[in-house]
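# below: sequence and its predicted model.
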Amino acid sequence: MSAEPAVGTAPSVLTLVRGRADRLRNLMRGLAAQSEPPGELVIAWMQAEPAPDLPDPGCPIRHVFVAGDPMPLAAARNRAAGAAGGGLLIFLDVDCIPSPTLVAGYRQAAAQARGLFLGEVLYLPPADPLDPASLDRLGRPHPARPEPPAAGLRPEPNPDQLWGLSFALAASDWRAVGGMDEAFAGYGGEETDLAARLAATGLPIFWVAGACAYHQHHPVHVPPLQHFAPILANAARFRARHGRWCMTYWLDQFREAGFIAWDEDASEIYTIRPPTDAEIAAALRPDALYS
């Protein structure tokens, strides 16, 4: 397939921010070190004011503001994409530092094929300050993710492999499905729903060589009990639309902890009881790299 519409202009990098100003600054410094700079950085602020003292990312910056609680993740991505001018949209989580070839890797992928493109994310241990020269040595792959290809593209048959930390697609493909469904409120499900809807249009999915990002460490809840209610609601919304469950790993953990009655053949989730504040606090794991 020709992918020329996706690469007619320099790619736009899009990120969402609430707090985490230190993480955003590291992301921007990573953009400034790109072998091929993006055309712009679009920052969707889920807060009233931008952070101060932002470094030069080596490209123009576009700011949009999105209010709402819980965090309006789907709406913020939609606003960022709507403001972007690039033919290729690169979504990068604010916790991620792009490797020097991330933009070039995604751009080259879009020049080879039309698709939804996934880049490797390596997880960093706690470190302050971060030394850019040590990121490859310190970064650890997620055990549930496949290794990226050594070169070029590798097809991915499972749309559920899309996680929102780092991915790219043509702006025209984003618009064709209407972006993310803002009915997915709070945490969870909106990315898997997007991938399922894109796959239903026949858009192929690829892992991309050279588009690595490094996830800056932060404590995580194992399981993510602080998002218990929205995960249940968004999993149910996803099943109603697609006829299957998403976030099954977390639902399994909730079931094993005695919070829900559920299995993958169930038509709905029965809440036995929500987690207590003490249980949520006990699930926080400062040492864990991922949930």
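That came through fine.
# for residue 76, list the residues it contacts.
16, 44, 46, 64, 66 (CB atoms under 8 Å, 6 or more residues apart in numbering). All C-beta spots, glycine's among them, are computed from the backbone N, C-alpha and C.
# the second one - how many residues pack around it?
Counted with other CB atoms under 10 Å, the neighbours of residue 44 add up to 26.
# ok, residues contacting the helix or strand it falls within?
If you go by DSSP states H and E, residue 44 is part of strand 40-45. Contacts to strand 40-45, defined as CB under 8 Å, 6+ apart, come from residues 10, 12-18, 24, 28, 31, 50, 57, 59-66, 76-77, 79-80, 83-86.
# now do 6 Å
12-17, 57, 59-66, 76, 79-80, 83-84 (CB atoms under 6 Å, 6 or more residues apart in numbering).
# what does stretch 282-291 give?
Applying CB under 6 Å, 6+ apart, the contact partners of stretch 282-291 are 123, 142, 219, 220, 221, 222, 224, 225.
# which of those residues lies closest to residue 248?
Ranked by distance to residue 248 (CB to CB), these are led by residue 224 at 13.6 Å.
# who's in contact with that closest one?
residue 291.
# repeat the analysis, applying 7 Å as the threshold.
231, 250, 291 (CB atoms under 7 Å, 6 or more residues apart in numbering).
# identify the residue spatially nearest to the second one, adjacent ones excluded.
Meaning residue 250. Nearest residue to residue 250, sequence neighbours excluded (CB to CB, 6 or more residues apart in numbering): residue 223, at 5.4 Å.
# let me know the helix or strand that the one you found is in.
Here residue 223 is assigned to no helix or strand, by DSSP H and E.
# counting neighbours, what do you get for it?
Neighbour tally, residue 223, other CB under 10 Å: 21.
# gap between it and residue 239?
According to CB to CB, to the nearest Å, residue 223 and residue 239 sit 19 Å apart.
# just the contacts of residue 224: which are in helices?
Cross-referencing the contacts of residue 224 against helices under DSSP state H gives 231, 250.
# could you identify which of the contacts of residue 224 has the most neighbours?
residue 231 (24 neighbours).
# test my guess that that residue contacts residue 187.
Yes. Checked against CB atoms under 7 Å, the pair residue 231 and residue 187 is within contact range at 6.5 Å.
# can you report phi and psi for the residue positioned nearest the centre of the chain?
By CA atoms, centre = their mean, the mean C-alpha position of the chain lies nearest to residue 164, the distance being 1.4 Å. Main-chain torsions, residue 164, degrees, to the nearest 10: phi -80, psi 0.
# kindly report the same for the one 3 residues further on.
The phi and psi torsions at residue 167 (degrees, to the nearest 10) take the values phi -160, psi 170.
# so what pairs up with it in the strands?
residue 91, residue 118 (DSSP bridges).
# quickly note the distance from it to residue 115.
For residue 167, the distance to residue 115 - CB to CB - is 10 Å.
# what's the answer for residue 226, then?
When residue 226 is compared with residue 115 (using CB to CB), they lie 34 Å apart.
# neighbour-wise, which of the two wins?
Higher neighbour count among residue 226 and residue 115: residue 115, with 24 against 17, using other CB under 10 Å.
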